[in-house]
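Enquirer: below are the sequence and a predicted model; questions follow.
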Amino acid sequence: MISVPEYVRSIKPYVPGKPIEELERELGIREAVKLASNENPLGPSRKAVEAMKEVLEGVNRYPDGGGYYLKQALSERLGVDMDEIILGNGSNELLDIAVRTFMTPQDEAVMGKPSFVVYPLAVQALGARGIEVPLKQWRHDLPSMAESITDRTKIVFIANPNNPTGTINLSDEFDEFMSKVPEGVLVVVDEAYYEYVQDARYPDTMKYFREGRDILILRTFSKIYGLAGLRIGYGIAKKELVTEMNKIREPFNINTLAQVAARAALEDEEHVKESVRVNEEGKSYLYKEFDRLGMEYLPTEANFIFVILKQDNAVEVYERLLKEGVIVRPMGQRYLRITIGLPEENRRLIEALEKVI
Ligand SMILES: Cc1ncc(COP(=O)(O)O)c(C=O)c1O
């Protein structure tokens, strides 16, 4: 067999949330509840669905490889030039493109631990080195991350809000951090849950972009816009960076349906507002119920809650919840990450937890 580089062979594959259909098939049940992948429980915007129907007959043609109309809409919305935007097959693809554009196998990338699991995977796939800096009180330890930057560091990844903790770093902490990042190091700020954040101290990272810093801001249509299955996200960075990243990007990485759906979803402000409302309502309900059950959790700025169990039995709790038809995400031995669902789904979760814990 052809030899596989050691850095590829040693990758621990990404484990996705269990699909609903799989659990229903395995247990022979119906109406399982999935609170495992931080999707929008309301579904996509109706306007996005209608927009897709209109272009279905045209899918014999390749999509617009430049994503002109979507970039135009984003450019107007964000007040940036079209050539300062890059579209990705999910923001996940943009993480990968950033690594392949800016890093060589001799380089390092600094990231939090625990944070989004794709960062170390993307770095390892290139044969480069990920430096994982433990969180401090469940938030990115930005001073330590800045201290971990060396001559070999090319990228610093910061998920804000962080996945899996749902916590954020604040504006003044970010200012301090950015003042310590030397030129030539790209700060990738992953704002996948940006639209859910309620805390007014959330940093406006566009400020650093406007200052001309080496920053790549990532957002996605997978979360609040409810289009996870279409795979579409975008990045904002200065033109010089976007131009280089576009050289690596696959020519037709964003399919036709994703392009039109994202454009329609962007305009459907009612859907976004309703999604925030449902999330806030679900959050309050779950906080109240977790308190009642004596369960510890971290207050969240996203659409999921990080639950801290009393014992190292997260996998066991996860498996018992599965038998009750509720899919959550175990994190290590001690923690669960639970997506905030619709009121009925949240009730199902609480009923199941009452039986299981
Ligand atoms: C922090 C963070 N970044 C990026 C992503 C990837 O999102 P997508 O590739 O669907 O845009 C996720 C998805 O869970 C996430 O939690």
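Expert: That came through, no problem.

Enquirer: all contacts plus neighbour counts: C-alpha atoms, from now on.
Expert: Noted.

Enquirer: need the nearest residue in space to residue 16, chain neighbours excluded.
Expert: Closest residue to residue 16 apart from its sequence neighbours, by C-alpha to C-alpha, 6 or more residues apart in numbering: residue 37 at 7.7 Å.

Enquirer: check contacts around the one you found.
Expert: 16, 17, 329, 339 (C-alpha atoms under 8 Å, 6 or more residues apart in numbering).

Enquirer: can you count the residues close to residue 81?
Expert: 16 (other C-alpha atoms under 10 Å).

Enquirer: from what I can see it touches residue 75, true?
Expert: Yes. Taking contacts as C-alpha atoms under 8 Å, residue 81 lies within contact range of residue 75: 5.6 Å.

Enquirer: is the ligand contacted by stretch 191-207?
Expert: Yes. Using C-alpha under 6 Å from any ligand atom, stretch 191-207 reaches the ligand at residue 192.

Enquirer: can you list the residues that contact that stretch?
Expert: Taking C-alpha under 8 Å, 6+ apart as the rule, stretch 191-207 contacts 91, 159-161, 168-172, 174, 189, 217-220, 223-224, 276, 279, 301-303.

Enquirer: change it to 7 Å
Expert: Residues outside stretch 191-207 that contact it (C-alpha atoms under 7 Å, 6 or more residues apart in numbering): 159-161, 170-171, 174, 217-220, 223-224, 276, 301-303.

Enquirer: quick one, strands of the stretch 101-250 of the chain?
Expert: 108-113, 129-134, 153-159, 186-190, 215-220, 233-236 (DSSP state E, counting those that start in this stretch).

Enquirer: can you redo these as JSON lines with mean pLDDT, mean neighbour count and distance to residue 61?
Expert: As requested, the strands of the stretch 101-250 of the chain are exported to JSON lines (pLDDT from 0 to 100; neighbours: other C-alpha atoms under 10 Å; distance: least, C-alpha to C-alpha, whole Å):
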{"stretch": "strand 108-113", "mean pLDDT": "98", "mean neighbour count": "25", "distance to residue 61": "39"}
{"stretch": "strand 129-134", "mean pLDDT": "98", "mean neighbour count": "19", "distance to residue 61": "40"}
{"stretch": "strand 153-159", "mean pLDDT": "98", "mean neighbour count": "23", "distance to residue 61": "36"}
{"stretch": "strand 186-190", "mean pLDDT": "98", "mean neighbour count": "21", "distance to residue 61": "32"}
{"stretch": "strand 215-220", "mean pLDDT": "98", "mean neighbour count": "26", "distance to residue 61": "25"}
{"stretch": "strand 233-236", "mean pLDDT": "98", "mean neighbour count": "25", "distance to residue 61": "22"}
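
Enquirer: next, the residue most central in space within the chain: phi, psi?
Expert: By C-alpha atoms, centre = their mean, the chain has its centre lying nearest to residue 192, at 4.2 Å. For residue 192, the backbone dihedrals (degrees, to the nearest 10) come out as phi -60, psi -30.

Enquirer: likewise for the one 10 residues further on?
Expert: The main-chain torsion angles of residue 202 are listed as degrees, to the nearest 10 and equal phi -60, psi 130.

Enquirer: count of residues packed around residue 18?
Expert: Counted with other C-alpha under 10 Å, residue 18 comes out at 16.

Enquirer: element containing it, please.
Expert: Using DSSP states H and E, residue 18 sits in no helix or strand.

Enquirer: now do the helices in the stretch 251-357 of the chain.
Expert: 256-267, 269-292, 314-323, 343-356 (DSSP state H, counting those that start in this stretch).

Enquirer: list the buried residues in the third one.
Expert: Buried positions in helix 314-323, judged by neighbour count with 16 or more other C-alpha atoms under 10 Å: 314, 315, 317, 318, 319, 320, 321, 322, 323.

Enquirer: done for today, thanks.
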